[in-house]
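Q: let me see the structure of the following:
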Amino acid sequence: MNNDDLKQHHTFFTQPILAVGQCIPGESDLRLDETAARARAGLLNVLSGITIFLLIMHPELDPVLYVAPYVIFDMLMAVLFGLTPLSPSGVLGTVLTMKSKPVWRPIKPKRFAWTLGAIMGATCLGFRLLDTPDSWMLAVLGMCFVLTWLEAVPGFCLGCWMYGKLFGCEACAWD
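A: From the prediction side, this is the model:
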(Lines give C-alpha, C1' and ligand atoms only; values in the text may rest on other atoms or scores of the structure.)
Protein backbone atom coordinates (compact mmCIF):
# COMPACT_ATOMS: atom_id res chain seq x y z
CA MET A 1 0.00 0.00 0.00
CA ASN A 2 1.46 3.36 -0.95
CA ASN A 3 1.74 6.37 1.38
CA ASP A 4 -1.20 8.18 -0.21
CA ASP A 5 -3.44 5.22 0.61
CA LEU A 6 -2.16 5.13 4.18
CA LYS A 7 -2.67 8.88 4.56
CA GLN A 8 -6.40 8.48 4.03
CA HIS A 9 -6.54 6.17 7.06
CA HIS A 10 -5.35 8.97 9.35
CA THR A 11 -8.39 10.04 11.29
CA PHE A 12 -8.88 11.81 14.56
CA PHE A 13 -11.06 9.07 15.98
CA THR A 14 -10.23 5.40 15.80
CA GLN A 15 -12.67 2.92 14.32
CA PRO A 16 -14.45 1.84 16.52
CA ILE A 17 -14.38 5.02 18.58
CA LEU A 18 -12.55 3.68 21.67
CA ALA A 19 -10.14 1.32 19.93
CA VAL A 20 -6.59 1.67 21.18
CA GLY A 21 -5.18 2.13 17.68
CA GLN A 22 -5.97 2.26 13.98
CA CYS A 23 -6.57 -0.74 11.74
CA ILE A 24 -4.16 -0.28 8.85
CA PRO A 25 -4.65 -2.47 5.76
CA GLY A 26 -1.85 -4.99 5.43
CA GLU A 27 -0.96 -4.89 9.14
CA SER A 28 -1.95 -7.68 11.49
CA ASP A 29 -2.13 -5.58 14.65
CA LEU A 30 -3.36 -2.13 15.64
CA ARG A 31 -1.15 0.86 14.85
CA LEU A 32 -0.78 4.42 16.07
CA ASP A 33 0.62 7.52 14.47
CA GLU A 34 4.14 7.93 15.84
CA THR A 35 4.10 11.60 14.83
CA ALA A 36 1.14 12.28 17.14
CA ALA A 37 2.77 10.26 19.92
CA ARG A 38 5.95 12.32 19.59
CA ALA A 39 3.95 15.56 19.69
CA ARG A 40 2.25 14.30 22.86
CA ALA A 41 5.66 13.50 24.35
CA GLY A 42 6.78 17.05 23.55
CA LEU A 43 3.78 18.47 25.38
CA LEU A 44 4.48 16.25 28.38
CA ASN A 45 8.14 17.31 28.21
CA VAL A 46 7.14 20.96 28.54
CA LEU A 47 4.83 20.04 31.44
CA SER A 48 7.60 18.15 33.25
CA GLY A 49 10.02 21.06 32.69
CA ILE A 50 7.54 23.55 34.14
CA THR A 51 6.91 21.22 37.08
CA ILE A 52 10.65 20.93 37.80
CA PHE A 53 11.02 24.72 37.59
CA LEU A 54 8.10 25.31 39.97
CA LEU A 55 9.25 22.64 42.39
CA ILE A 56 12.67 24.31 42.60
CA MET A 57 11.69 27.98 42.44
CA HIS A 58 8.24 27.94 44.10
CA PRO A 59 7.85 24.73 46.11
CA GLU A 60 5.00 26.31 48.06
CA LEU A 61 2.84 25.93 44.92
CA ASP A 62 3.28 22.15 45.25
CA PRO A 63 2.90 21.47 41.51
CA VAL A 64 3.21 17.69 41.89
CA LEU A 65 -0.21 17.52 43.57
CA TYR A 66 -1.75 18.87 40.34
CA VAL A 67 0.52 17.55 37.63
CA ALA A 68 0.92 13.94 38.81
CA PRO A 69 -2.84 13.12 38.77
CA TYR A 70 -3.10 14.67 35.30
CA VAL A 71 -0.17 12.61 34.01
CA ILE A 72 -1.50 9.42 35.60
CA PHE A 73 -4.94 10.01 34.06
CA ASP A 74 -3.48 10.93 30.68
CA MET A 75 -1.22 7.86 30.58
CA LEU A 76 -3.93 5.44 31.72
CA MET A 77 -6.44 6.79 29.19
CA ALA A 78 -3.85 6.35 26.45
CA VAL A 79 -3.12 2.79 27.62
CA LEU A 80 -6.80 1.88 27.70
CA PHE A 81 -8.23 3.89 24.80
CA GLY A 82 -5.35 5.23 22.70
CA LEU A 83 -4.42 8.84 22.00
CA THR A 84 -7.98 9.95 21.25
CA PRO A 85 -10.54 10.85 22.53
CA LEU A 86 -9.87 10.48 26.28
CA SER A 87 -6.16 11.30 26.68
CA PRO A 88 -5.99 15.13 26.83
CA SER A 89 -2.35 15.31 25.74
CA GLY A 90 -3.02 12.65 23.10
CA VAL A 91 -5.89 14.68 21.68
CA LEU A 92 -3.76 17.82 21.51
CA GLY A 93 -0.81 15.93 20.01
CA THR A 94 -3.12 14.38 17.41
CA VAL A 95 -4.68 17.75 16.53
CA LEU A 96 -1.24 19.34 16.18
CA THR A 97 -0.13 16.65 13.72
CA MET A 98 -3.31 16.06 11.69
CA LYS A 99 -1.79 17.62 8.57
CA SER A 100 1.47 15.69 8.94
CA LYS A 101 2.15 12.42 7.21
CA PRO A 102 1.42 9.63 9.72
CA VAL A 103 4.15 7.19 10.64
CA TRP A 104 2.43 3.97 11.68
CA ARG A 105 3.95 1.96 14.53
CA PRO A 106 2.68 -0.98 16.59
CA ILE A 107 0.57 0.04 19.58
CA LYS A 108 1.76 -2.62 22.06
CA PRO A 109 5.20 -1.08 22.75
CA LYS A 110 3.65 2.36 23.30
CA ARG A 111 1.06 0.93 25.70
CA PHE A 112 3.93 -0.64 27.65
CA ALA A 113 5.79 2.68 27.70
CA TRP A 114 2.67 4.59 28.76
CA THR A 115 2.11 2.11 31.59
CA LEU A 116 5.63 2.86 32.79
CA GLY A 117 4.82 6.58 32.49
CA ALA A 118 1.74 6.14 34.69
CA ILE A 119 3.89 4.31 37.24
CA MET A 120 6.38 7.20 37.23
CA GLY A 121 3.52 9.68 37.76
CA ALA A 122 2.19 7.56 40.63
CA THR A 123 5.69 7.42 42.10
CA CYS A 124 5.92 11.23 42.10
CA LEU A 125 2.49 11.52 43.69
CA GLY A 126 3.38 8.87 46.26
CA PHE A 127 6.59 10.71 47.11
CA ARG A 128 4.60 13.92 47.63
CA LEU A 129 1.90 12.27 49.73
CA LEU A 130 4.50 10.48 51.86
CA ASP A 131 6.29 13.81 52.34
CA THR A 132 9.62 12.57 51.03
CA PRO A 133 12.37 15.08 50.23
CA ASP A 134 11.82 17.10 47.07
CA SER A 135 15.07 15.68 45.70
CA TRP A 136 13.35 12.29 45.28
CA MET A 137 10.58 13.84 43.19
CA LEU A 138 13.10 15.87 41.26
CA ALA A 139 14.95 12.67 40.38
CA VAL A 140 11.79 11.06 38.97
CA LEU A 141 10.75 14.30 37.25
CA GLY A 142 14.22 14.57 35.75
CA MET A 143 13.85 11.07 34.32
CA CYS A 144 10.42 12.02 32.95
CA PHE A 145 11.91 15.13 31.37
CA VAL A 146 14.75 13.20 29.72
CA LEU A 147 12.51 10.35 28.52
CA THR A 148 9.87 12.64 27.03
CA TRP A 149 12.59 14.71 25.35
CA LEU A 150 14.14 11.54 23.90
CA GLU A 151 10.82 10.53 22.42
CA ALA A 152 9.81 13.98 21.19
CA VAL A 153 13.08 15.15 19.65
CA PRO A 154 15.22 12.24 18.39
CA GLY A 155 12.23 9.85 18.35
CA PHE A 156 13.66 7.26 20.75
CA CYS A 157 11.11 5.69 23.10
CA LEU A 158 12.92 3.87 25.89
CA GLY A 159 9.75 2.02 26.92
CA CYS A 160 9.27 0.80 23.34
CA TRP A 161 12.90 -0.28 23.19
CA MET A 162 12.45 -2.16 26.48
CA TYR A 163 9.29 -3.80 25.14
CA GLY A 164 11.19 -4.96 22.06
CA LYS A 165 13.97 -6.44 24.21
CA LEU A 166 11.62 -8.09 26.70
CA PHE A 167 8.87 -9.41 24.40
CA GLY A 168 10.38 -9.25 20.91
CA CYS A 169 8.94 -7.00 18.28
CA GLU A 170 10.32 -7.08 14.75
CA ALA A 171 8.02 -4.27 13.66
CA CYS A 172 9.49 -2.08 16.39
CA ALA A 173 12.83 -1.74 14.61
CA TRP A 174 13.96 1.89 14.44
CA ASP A 175 14.26 3.39 10.99
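
Q: now do stretch 47-54, average pLDDT.
A: What stretch 47-54 shows for mean pLDDT is 98.

Q: residues of the helix or strand harbouring Trp114 that come out buried?
A: With elements taken from DSSP states H and E, the one containing Trp114 is helix 107-129. Across helix 107-129, burial judged by 16 or more other Cβ atoms under 10 Å covers 107-118, 120-125, 127-128. Just so you know, the C-beta spots here come from the backbone N, C-alpha and C atoms, and that holds for glycine as well.

Q: with stretch 46-53 instead?
A: Leu47, Ser48, Thr51, Ile52.

Q: inside helices: which ones of those?
A: Judged by DSSP state H, the subset of the buried residues of stretch 46-53 located in helices is Leu47, Ser48, Thr51, Ile52.

Q: surely the last one touches Val140?
A: No - in this structure, Ile52 is not within contact of Val140 by Cβ atoms under 8 Å, at 10.3 Å.

Q: with distance to Gly21 added, can I get the buried residues of stretch 46-53 in TSV?
A: As requested, those are exported to TSV (distance: Cβ to Cβ, whole Å):
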residue	distance to Gly21
Leu47	24
Ser48	25
Thr51	29
Ile52	31
